[in-house]
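Participant: Structure, please.
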Amino acid sequence: MLDVAVRPDAQLCFLLAAGVLLGGGGLGAASLNFLIQLVSLLILAVNGPRVIEAIRAAPRLFSVLFAATVLLPLLQLVPLPASIWAHLPGREIVTQSLSLVGAQDQSAPVSLAIYRTAIAASALIPAFAAIVLAINLNGAQARRVLGCVAVLGGVNVLFGLVQLSTANRVGNFYANARPDQLYGTFANHNSTGLFLCLSLVALVAAFIARPVDRVLARLMPVVAGALFLVVAVVLTQSRSSMGITALALIVLVFPFFRVLRVPLAKLPRKALVVIAGAVLLLAAVLGAIGTSTIGNSLGRFSSLEDARALIWEDAFSAAGRYWPVGAGMGSFDEVFQVDESLENIRSGRARRAHNDYLEIAVEAGVFGLGLVACWMLWFVVRIWKGRREPDAALRLGAGGVLACIALQSGVDYPLRNMAMICVAAVMAGLLARPASVLEDSPSRIRRSRREMVPGVSGGPVWQAEQRPASEPGQDIPA
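Facilitator: Numbers count the residues shown, from 1 in each chain. The predicted model follows:
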C-alpha cells in the first residue's frame, strides 16, 4: 500500500481528485482553493528529488514558458516609484484619488488589485505540483492518470443526477444553481460541461493507447462510459460544452475505430449482453430525468443572444485603457466598471469578460496575450512532433484536452477555477514528457527487435518485425 501511495501517478490522481472535488468554485471558494494549495505544497515537500528531476527533464522552452507564467503576476506585485507607475496607462483615476489624500507620491505596483493578483499567483502552486508529477510518468502511469480524469467525470455525473432528481435542492456544492442544470462539483454549468467533455477525451485516449490485444477487454466499459458522459454534457445545458463535445466526437471517432478493426460478429456474447445492458440502463436514466430536460438543453441553441456581446464591447474599451501593460492579473472585476457603458449595465455585475483572451488583454496586456500565443504554439508543435512517437495516443489525448479548454476560453473562463488549472497542468506535463520515459509507453508497433533499412532521405528509419496475424498478443500498426 505504501508503494502505491508514493508512486507519482497515485499522487497525481489524488491531486486531481482534490482539485476536481474541491476546486470547482472559483474565486468564491477561497478556503477550498487554499486547501488544494496546501495539498500541493505537501506533495512538493515529499517529492524533493522529483522536483529537481522534473526541472532537469523538462524541455527548455517549456521551462521558460512556465517560468514566465509564474513571473507575470509576481512582477505585477513589485512596488514601483510614483514617477513610473503614475504614468502607466489607465492610472489617471488612481492618481487623482491619491492626490485628494496627499498620497500621490507613494510607491505602488502595476496591479490595481493587489490581493487578487497575489491569489492568481498562488493558483499556480497546484499547477507546478501537477507538472512535477506528470512530466516523468511512463506510458502505463499516464494511462492511469487519464483514466482517473474519466472516473472523476463519472463522479460528477453521479452527483449531477442526484442534483437534477431534486431540482438542485440536494447535493449541490454551491448556491445560485438553476433547478434544471447539471452542476456536479462545479459552481458554473459551463465548467461542468467542459470537464465532462475533457473526461470523454481522456477516456478515449486512454483506451486507444492500450496494447491492441487488450483493447476488446475494455471496449464495453468505454462505450458505456462515453454514452453517459455525452448525455451528461447535454444535461448541463452548456451550449459551448455541447458544441465542443460534438466536435470532439467527430475527431475521436477516427482513431477509435482505427484501433478496433474487429467485426461485430467476432465480439464475445458477453460483450453484446453488456452493450444491450448499457443501452437499457441509459434509456432508464433518460426516462427518469425526463425528455423535457434534454429538450430544454437543446432548445438553448434556438437563441444565441446573451449579454456576452455587450460585455465584450466594454471589455475592449477596458483593454485599450490599460494597454499594453494591463491592470494586473485577477483585476478584471475591479476595473471593468470604469468602462462599463450605461446602456449595457445589467442588474448584476459582469465579474468576468466571458472571454478569457479578452480578460487577459485587460489584466496583462500584450505580455499576457504574447504568453498565451507562445503556449499555444508550443502545444501545437509538441503534438505534431510526437504524432509518430510510441505514446502518440497519449499526446493526442492531452493535446485534445487542452484544445477543448482553449476553445471554450473564447466564450467563457474555464481556467479561472482550481479544478481546471490542475487538469490543464497535468496535460501540459504529459506533453512535456522527455523521450527517456516513452519506451515504457504502449506502441502499436513492437520495437524490441528492430532492423535498420535505408530511409528515403538517406538516413535510417526503423522497421518493425512483421509477425503472423494469428499469433497471440500481436501489436498491429495503427
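
Participant: All the helices of the stretch 351-478 of the chain, residue numbers only.
Facilitator: Counting by DSSP state H, counting those that start in this stretch, one finds helices in the stretch 351-478 of the chain at the ranges 356-385, 392-408, 418-431.

Participant: most tightly surrounded among those helices?
Facilitator: helix 418-431 (a mean of 26; mean count of other C-beta atoms under 10 Å). The C-beta positions use only the backbone N, C-alpha and C, and glycine is treated the same way.

Participant: chain center to that one: distance?
Facilitator: Centroid displacement of helix 418-431 relative to its chain, using C-alpha atoms, centre = their mean, to the nearest Å, is 6 Å.

Participant: could you say what helices and strands it packs with?
Facilitator: Here helix 418-431 touches helix 8-22, helix 30-45, helix 124-134, helix 139-165, helix 189-208, helix 356-385, helix 392-408, going by 3 or more C-beta pairs under 8 Å, 6 or more residues apart in numbering; DSSP states H and E.

Participant: returning to what we had before: how about the helices of the stretch 351-478 of the chain in a markdown table, adding distance to residue 167 and mean pLDDT?
Facilitator: Converted to a markdown table, the helices of the stretch 351-478 of the chain look like this (distance: least, C-beta to C-beta, whole Å; pLDDT from 0 to 100):
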| stretch | distance to residue 167 | mean pLDDT |
| --- | --- | --- |
| helix 356-385 | 31 | 94 |
| helix 392-408 | 26 | 92 |
| helix 418-431 | 24 | 95 |
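
Participant: Would you reformat those as TSV and include distance to residue 242?
Facilitator: TSV is the format used below for the helices of the stretch 351-478 of the chain (distance: least, C-beta to C-beta, whole Å):
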stretch	distance to residue 242
helix 356-385	19
helix 392-408	11
helix 418-431	18
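
Participant: Relative to residue 38, which of those is closest?
Facilitator: Residue 38 lies closest to helix 418-431 among those, at 11.9 Å (C-beta to C-beta).

Participant: okay, the angle between the closest one and helix 124-134?
Facilitator: Inter-element angle recorded for helix 418-431 and helix 124-134: 30 degrees (by axes from the mean of the first three to the mean of the last three C-alpha atoms, to 10 degrees).

Participant: As a markdown table, the helices and strands packed on helix 418-431 with distance to residue 222 would be great.
Facilitator: A markdown table is the format used below for those (distance: least, C-beta to C-beta, whole Å):
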| stretch | distance to residue 222 |
| --- | --- |
| helix 8-22 | 19 |
| helix 30-45 | 29 |
| helix 124-134 | 22 |
| helix 139-165 | 9 |
| helix 189-208 | 5 |
| helix 356-385 | 22 |
| helix 392-408 | 13 |
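
Participant: Nearest to residue 319, out of those?
Facilitator: Closest among the helices and strands packed on helix 418-431, using C-beta to C-beta: helix 356-385, at 4.1 Å.

Participant: Could you check how far residue 183 is from residue 156?
Facilitator: Per C-beta to C-beta, to the nearest Å, residue 183 is found 9 Å from residue 156.

Participant: which neighbours do these two share?
Facilitator: With contacts defined as C-beta atoms under 8 Å, 6 or more residues apart in numbering, the residues adjacent to both residue 183 and residue 156 are residue 192.

Participant: Which strand or helix spans residue 175?
Facilitator: Counting by DSSP states H and E, there is no helix or strand that carries residue 175.

Participant: And for it, the neighbour number?
Facilitator: A count of neighbours around residue 175, defined by other C-beta atoms under 10 Å, yields 7.

Participant: So for stretch 381-399, first residue to last residue, what's the gap.
Facilitator: Using C-alpha to C-alpha, to the nearest Å, the end-to-end distance of stretch 381-399 comes out at 10 Å.

Participant: Run through the stretch 101-250 of the chain and note the low-pLDDT ranges.
Facilitator: Within the stretch 101-250 of the chain, the stretches with pLDDT under 70 are 211-217.

Participant: Could you pull up the residues touching the residue nearest the centre of the chain?
Facilitator: Nearest to the geometric centre of the chain sits residue 424, at 3.7 Å (C-alpha atoms, centre = their mean). Residue 424 makes contacts with 127, 401, 402, 405, 415, as judged by C-beta under 8 Å, 6+ apart.

Participant: let's see it at 7 Å
Facilitator: Residues in contact with residue 424, defined by C-beta atoms under 7 Å, 6 or more residues apart in numbering, are 402, 405, 415.

Participant: How about residue 418?
Facilitator: Residue 418 touches 19, 23, 33, 36, 123, 126, counting by C-beta under 7 Å, 6+ apart.

Participant: repeat for residue 307
Facilitator: Residue 307 sits next to residue 346 when contact means C-beta under 7 Å, 6+ apart.

Participant: Quick check, pLDDT for it.
Facilitator: pLDDT, residue 307: 76.

Participant: Also residue 78?
Facilitator: Value listed for residue 78 in the pLDDT field: 95.

Participant: Give me the neighbour count for it.
Facilitator: By other C-beta under 10 Å, the residues close to residue 78 number 10.

Participant: so it touches residue 108, yeah?
Facilitator: No: using C-beta atoms under 7 Å, residue 78 is not in contact with residue 108; the gap is 10.2 Å.

Participant: how near is residue 77 to residue 132?
Facilitator: Using C-beta to C-beta, we find residue 77 at a distance of 24 Å from residue 132.

Participant: Show me which of these two is the more surrounded one.
Facilitator: residue 132 (25 against 17).

Participant: Can you classify the nearest residue to that one once chain neighbours are set aside by secondary structure?
Facilitator: The spatially closest residue to residue 132, leaving aside those adjacent along the chain, is residue 54, at 4.4 Å (C-beta to C-beta, 6 or more residues apart in numbering). Put simply, residue 54 is helix when judged by DSSP: H, G, I helix; E, B strand; the rest coil.

Participant: How many neighbouring residues does residue 54 have?
Facilitator: By other C-beta under 10 Å, the residues close to residue 54 number 22.

Participant: tell me the contacts of residue 112?
Facilitator: For residue 112, the contacting residues are 94, 327, 328, 331, 334, 335, by C-beta under 7 Å, 6+ apart.

Participant: pretty sure the first one is in a helix, no?
Facilitator: Yes: using three-state DSSP, the assignment for residue 94 is a helix.

Participant: Now do the helices for the stretch 201-350 of the chain: every range, in order, please.
Facilitator: Using DSSP H, counting those that start in this stretch, the helices found in the stretch 201-350 of the chain span residues 215-235, 239-260, 269-289, 291-299, 308-322, 332-339.
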